[in-house]
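A.B. asks: model the structure of this input:
(one chain, ligands or ions: 1)
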Amino acid sequence: MISNYLELLYSNCKILTKDRSYNREKFVAISNEHIQTVIKENGLASESDLIDLLISKPFASLKSLLDRSKFLYIFYLVNSLNEYKQEDKDFDNLGRSKYENSVMKDVGIENNLVLQLIKDSINENEILKQLFKINSHKSYFYLSHDIDSVYGSFMQDGLWAVKHMRIDVLLRLFYNAVIARPDWLNFDLIMKTESEYDFRSTFYWLVNRGKIDARQTNSDYSITSKKIIDSIDSVKKNGFENGLHKSISTDSFKNELSKMPVNVVGNRYHYLKFQLPNTYNKIEEAGLQLDASLGFAEHYGFRNGYGYPFHPYSMVTNKAYSFLEVPLNIMDGTFQAYMKIPVEKTADTIINFLEKNNNDTLLSVLWHNTFFTNYKYKGYLNEYKKILKYLYDMNFQNINQTAIINDFSWKIK
Ligand SMILES: [Zn+2]
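C.D. replies: Here you go, the predicted model:
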């Protein structure tokens, strides 16, 4: 039931404190009465008809209904219902939902709109105002690294060296690739950079390797090689965390998880390639506790308009899934490859977004290991350091996967 789901969303929302008189039945009654009114007004027979309507109609024709119903608008956005039934034109060449055609383009991807709707719904209703107090808090942030390539530096940075006539760089890369450590086997550098601020992050690993087609490639390393197993161990030993980076493959999650050298609780899809709602069902079936994929490659911001981890609503069981979705807000490649922001303006653009959200969110940041070398991705390490310094200076709270699961999972009583 939508009203039960909303009760969980509100009662677990970090900015809301429940009054001593709080009683979940009271909230469910208020929200359900509202939902039932909407159902009647629209000549529908049941709640499942209402959900069908939300999934099948384009946003433009739902807008006036959603504007009149904050509860429904919140339910619609949090669960990305606009992505459930899309046409070919709404997907890019990898089959990913496009930001350009999305609802977020209309409502503003930089706005934590759902949180605003939650606040407004409380301020407008005398009973809800008694049930909840609104308290602001300093934002949290979550750092992560998708490990797509470890050995590609010789080819990709090498090409850069050739173009820039840097024989010295070429020779050094060649030496590193053959004899010493490949330049993108740089997890120590990543951990050292973050440890300077006492921050910890998560590394997402691919278990399948090789080229898929002209556009898609899995990893260029073997998950069973000694160098990689040692790296995964050292991540763990240093208090950092590991996760699965689901590959482009017909392998099930179960298969891929069994290939990981350590047990993991979280996943992120390679290329952020997934479609709703199938993906949510697969994550649930796999028994994962966390997924960190919900972001657009093309644009930073809030893909579902909500700034906190949440449990999506399952159309199969009509209740919340047991895993936590942690939206992805900021990715290096977005600025470099998609938005084509000059490297030296990257940190400023990101900090500008962080500044607008320095309260009442959890912001998730992805910086690939390849963006830590100074050849093809020259300057990005420096931009990353500026971002870390900003987060440190502004007292954002660093949080890892385990703490997200502990602090943000809904208490489903
Ligand atoms: Zn990837």
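A.B. asks: residues contacting Leu117?
C.D. replies: 70, 73-74, 77 (Cβ atoms under 8 Å, 6 or more residues apart in numbering). Bear in mind the C-beta positions are built from the backbone N, C-alpha and C, glycine included.
A.B. asks: now do Met394
C.D. replies: For Met394, the contacting residues are 354, 358, taking Cβ under 8 Å, 6+ apart as the criterion.
A.B. asks: quick check: it vs Phe274, distance?
C.D. replies: As for Met394, its distance to Phe274 is 32 Å (criterion: Cβ to Cβ, to the nearest Å).
A.B. asks: one more: Ala337?
C.D. replies: Distance, Ala337 to Phe274, by Cβ to Cβ: 19 Å.
A.B. asks: looking at these two, which is more packed in?
C.D. replies: Phe274 (22 against 11; other Cβ atoms under 10 Å).
A.B. asks: and the residue of the stretch 151-300 of the chain closest to the ion?
C.D. replies: With Cβ to the ion as the measure, the residue in the stretch 151-300 of the chain that lies nearest the ion is His270; the distance is 3.9 Å.
A.B. asks: pLDDT value on the residue in the stretch 301-413 of the chain positioned nearest to the ion, please?
C.D. replies: Among the residues of the stretch 301-413 of the chain, His368 lies nearest to the ion; the distance is 7.5 Å by Cβ to the ion. Looking at His368, its pLDDT reads 97.
A.B. asks: how about the one 4 residues further on?
C.D. replies: Reading off the per-residue confidence, Phe372 sits at a pLDDT of 93.
A.B. asks: show me the contacts for it.
C.D. replies: The neighbourhood of Phe372, defined by Cβ under 8 Å, 6+ apart, consists of 184, 186, 189-190, 193, 380-381, 384.
A.B. asks: please pick the buried ones from the residues you listed.
C.D. replies: The neighbour-count test (16 or more other Cβ atoms under 10 Å) marks 184, 186, 190, 193, 380-381, 384 as buried among these.
A.B. asks: make a markdown table from these and add pLDDT, secondary structure and distance to Glu256 to it.
C.D. replies: What follows is these, written out as a markdown table (pLDDT from 0 to 100; DSSP: H, G, I helix; E, B strand; the rest coil; distance: Cβ to Cβ, whole Å):
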| residue | pLDDT | secondary structure | distance to Glu256 |
| --- | --- | --- | --- |
| Trp184 | 75 | coil | 22 |
| Asn186 | 91 | coil | 24 |
| Ile190 | 97 | helix | 23 |
| Thr193 | 97 | helix | 29 |
| Tyr380 | 96 | helix | 28 |
| Leu381 | 96 | helix | 30 |
| Tyr384 | 98 | helix | 28 |
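A.B. asks: out of these, the closest to Asp88 would be?
C.D. replies: Distances from Asp88 to the buried ones among the contacts of Phe372, taken as Cβ to Cβ, are shortest for Tyr380 (33.7 Å).
A.B. asks: Thr346 is in contact with that closest one, correct?
C.D. replies: Yes - at 7.0 Å, Tyr380 and Thr346 qualify as touching, with contact defined as Cβ atoms under 8 Å.
A.B. asks: shared neighbours, those two?
C.D. replies: Between them, Tyr380 and Thr346 share these contacting residues under Cβ under 8 Å, 6+ apart: 332, 336.
A.B. asks: the helices in the stretch 201-350 of the chain, which residues?
C.D. replies: 226-237, 253-259, 278-286, 332-333, 343-356 (DSSP state H, counting those that start in this stretch).
A.B. asks: so which of the ones you listed is the most packed in?
C.D. replies: When the helices of the stretch 201-350 of the chain are scored by mean count of other Cβ atoms under 10 Å, the highest mean neighbour count falls to helix 332-333 (a mean of 21).
A.B. asks: need the residues that contact it.
C.D. replies: Under the criterion Cβ under 8 Å, 6+ apart, external residues in contact with helix 332-333 comprise 297, 346, 366-368, 371, 380, 384.
A.B. asks: repeat the analysis, applying 6 Å as the threshold.
C.D. replies: Contacting residues not belonging to helix 332-333 are listed as 367-368, 371 [Cβ atoms under 6 Å, 6 or more residues apart in numbering].
A.B. asks: same question for stretch 87-106.
C.D. replies: By Cβ under 6 Å, 6+ apart, the surrounding residues in contact with stretch 87-106 are 59, 82-83, 271, 273, 296, 298-299.
A.B. asks: how about a cut-off of 7 Å?
C.D. replies: The set of residues that contact stretch 87-106 without belonging to it, under Cβ atoms under 7 Å, 6 or more residues apart in numbering, is 59, 82-83, 86, 215-216, 271-273, 275, 296-299, 301, 303, 305.
A.B. asks: contact partners for the residue of the stretch 301-413 of the chain closest to the ion?
C.D. replies: The contact partners of His368, taken as Cβ under 7 Å, 6+ apart, are 145-146, 148, 332.
A.B. asks: what's the neighbour count on Glu7?
C.D. replies: A count of neighbours around Glu7, defined by other Cβ under 10 Å, yields 21.
A.B. asks: over to the one 10 residues further on?
C.D. replies: Under the neighbour criterion other Cβ under 10 Å, Thr17 is assigned a count of 12.
A.B. asks: now the one 3 residues further on
C.D. replies: The burial count assigned to Arg20 is 4, neighbours taken as other Cβ under 10 Å.
A.B. asks: what kind of secondary structure is it in?
C.D. replies: Classification of Arg20 into helix, strand or coil gives coil, according to DSSP: H, G, I helix; E, B strand; the rest coil.
A.B. asks: rewinding a little: could the contacts of Leu117 go into TSV alongside distance to Glu285 and secondary structure?
C.D. replies: TSV is the format used below for the contacts of Leu117 (distance: Cβ to Cβ, whole Å; DSSP: H, G, I helix; E, B strand; the rest coil):
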residue	distance to Glu285	secondary structure
Lys70	33	helix
Tyr73	29	helix
Ile74	27	helix
Leu77	25	helix
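A.B. asks: dump the residues you listed into a markdown table; add neighbour count, pLDDT and distance to Lys119 as well.
C.D. replies: Putting those into a markdown table (neighbours: other Cβ atoms under 10 Å; pLDDT from 0 to 100; distance: Cβ to Cβ, whole Å) gives the following:
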| residue | neighbour count | pLDDT | distance to Lys119 |
| --- | --- | --- | --- |
| Lys70 | 20 | 97 | 10 |
| Tyr73 | 23 | 98 | 13 |
| Ile74 | 26 | 98 | 11 |
| Leu77 | 22 | 98 | 14 |
